[in-house]
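Peer 1: sequence first, predicted model second:
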Amino acid sequence: MIAAVSSWLVETIGGLGYIGIFILMAIESSVFPLPSEVVIIPAGYLAYKGEMNYFFIVIAGTLGSLAGACFNYYLALKLGRVLLLKYGKYIFVKPHHLEKVEIFFKRHGEISTFSGRLLLGVRHFISLPAGLARMNMAKFSLYTILGSFIWVNILALLGFFIGENEELINRYLTIIIAALAVFIILLAVIYISRKNRKD
């Protein structure tokens, strides 16, 4: 069902060009599980063929990601705390858990938001705890843009240089995802060690 809906979205909205990329990436960054790979990689291939502009693809994809992330942020900001305080006890979430999330994002919101945009299965949801914790909006937007810009470029470059070779794309994508996970771990180690020195 999800695959069918995703395919329909790509075919219909994708026909709108850069606006379609923006909309699809906004959906991808919200809670709907639409893979960004099915949006940006084909667009990168169209850039290789001269049918789209690479720069505009990256800008549309990055801004779309920001829009979807902001939607999640405000959803969590306006409704998340109210719902969790009211119904959280049914899923073992207590008020002090929310306080811990807020404290964590005040201290580590920047690195969490940036790295979350690069991790598979996390990029869709990292905006929710940021909204719950009322993370500074300017910082949230900046680090969302940085992480999204890198991810969109990676996908667009895959489409540009590999094109329609799905097997090769999947192989390189697996390697890239693993490399990003290692990069995030190293980044976290460096960040924590520097943070500990300051404290």
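Peer 2: Looks like it arrived, so ask away.
Peer 1: OK, contacts around residue 152?
Peer 2: By Cβ atoms under 8 Å, 6 or more residues apart in numbering, the contact set of residue 152 is 25, 36, 40, 57-58, 61-62, 65. Just so you know, the C-beta spots here come from the backbone N, C-alpha and C atoms, and that holds for glycine as well.
Peer 1: now do 10 Å
Peer 2: 21, 25, 36, 39-40, 43-44, 57-65, 117 (Cβ atoms under 10 Å, 6 or more residues apart in numbering).
Peer 1: same deal with residue 71?
Peer 2: 26-27, 29-31, 127, 131.
Peer 1: report the two of those residues separated the most.
Peer 2: Farthest-apart pair in the contacts of residue 71 is 27 and 131; separation 17.7 Å (Cβ to Cβ).
Peer 1: show me the shaky parts of the protein.
Peer 2: Residues of the chain that meet the criterion pLDDT under 70 lie in 1-14, 33, 80-102, 196, 198-199.
Peer 1: in it, which helix has the most residues?
Peer 2: If you go by DSSP state H, the chain has its longest helix at helix 166-198.
Peer 1: where exactly do the strands run in the protein?
Peer 2: Taking DSSP state E as the test, none of the chain falls into strands.
Peer 1: mind listing the helices for the protein?
Peer 2: Along the chain, counting by DSSP H, helices occupy 2-13, 18-29, 37-48, 54-75, 81-87, 95-116, 127-132, 137-162, 166-198.
Peer 1: pull the contacting residues for the residue lying closest to residue 148 once chain neighbours are set aside.
Peer 2: Nearest non-adjacent residue to residue 148, counting by Cβ to Cβ, 6 or more residues apart in numbering: residue 65, 3.7 Å away. Going by Cβ under 10 Å, 6+ apart, residue 65 touches 22, 25-26, 28-30, 36, 40, 117, 123, 127, 144-145, 147-149, 151-152.
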